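Undergrad: Mind looking at a prediction? Sequence and model below.
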Amino acid sequence: MGNIGQLFFSFSGRTNRAPWWIGLIVIAVVGSVLSAIFIGSAMSGMVGIDPQDSAAIMAAMSRILIPSAIIGLVLLWPSLAVYTKRWHDRNKSGWWTLIGLIPVIGGLWLLIELGFLKGTAGPNQYGPDPLGG
């Protein structure tokens, strides 16, 4: 599992921008595929539901929400691991991921800092420079 396991399942070490972007793309693709499979099959069961039947609508919605929640939980760990290692490369705690919870500004900050700015040159408290510098 080597580098892939380290990237998606470990919270230690550092990662530079390229693996971070690749990790995000992989997580997005996996999430999209899982959603298409599970949510698509749940939605196919909604054909023919009477729009006036609130119990049937609620049951159909639960068949969509439950798989969505499970997919989100399955992808949470790898997402946090990828983000944490990228923050480590910027010489910051992985807790900085929580800045993304601030509407608009948090997501923009996250994108700029993790997606576009270089990591700390040389070793830092989280490990050696992933670029070998």
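TA: Structure's in. What do you need?
Undergrad: Which residue ranges of the protein form helices?
TA: 2-9, 17-44, 54-89, 105-115 (DSSP state H).
Undergrad: what packs against the second one?
TA: Helices and strands touching helix 17-44, by 3 or more CB pairs under 8 Å, 6 or more residues apart in numbering; DSSP states H and E, are helix 2-9, helix 54-89, helix 105-115. Quick note: C-beta positions are derived from backbone N, CA and C, even for glycine.
Undergrad: Any chance you could list what contacts the shortest one?
TA: Residues from elsewhere that reach helix 2-9 (CB atoms under 8 Å, 6 or more residues apart in numbering): 1, 13, 15, 19, 23, 26, 77-78, 81-82, 85.
Undergrad: Go ahead and build a ChimeraX selection from the buried members of those.
TA: Of these, the buried ones can be selected in ChimeraX as follows, counting by 16 or more other CB atoms under 10 Å:
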select :13,15,19,23,26,78,81,82,85
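Undergrad: Please tabulate the contacts of helix 2-9 in JSON lines, including the columns distance to residue 122.
TA: Below are the contacts of helix 2-9 laid out as JSON lines (distance: CB to CB, whole Å):
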{"residue": "1", "distance to residue 122": "28"}
{"residue": "13", "distance to residue 122": "15"}
{"residue": "15", "distance to residue 122": "16"}
{"residue": "19", "distance to residue 122": "18"}
{"residue": "23", "distance to residue 122": "23"}
{"residue": "26", "distance to residue 122": "28"}
{"residue": "77", "distance to residue 122": "29"}
{"residue": "78", "distance to residue 122": "28"}
{"residue": "81", "distance to residue 122": "23"}
{"residue": "82", "distance to residue 122": "22"}
{"residue": "85", "distance to residue 122": "17"}
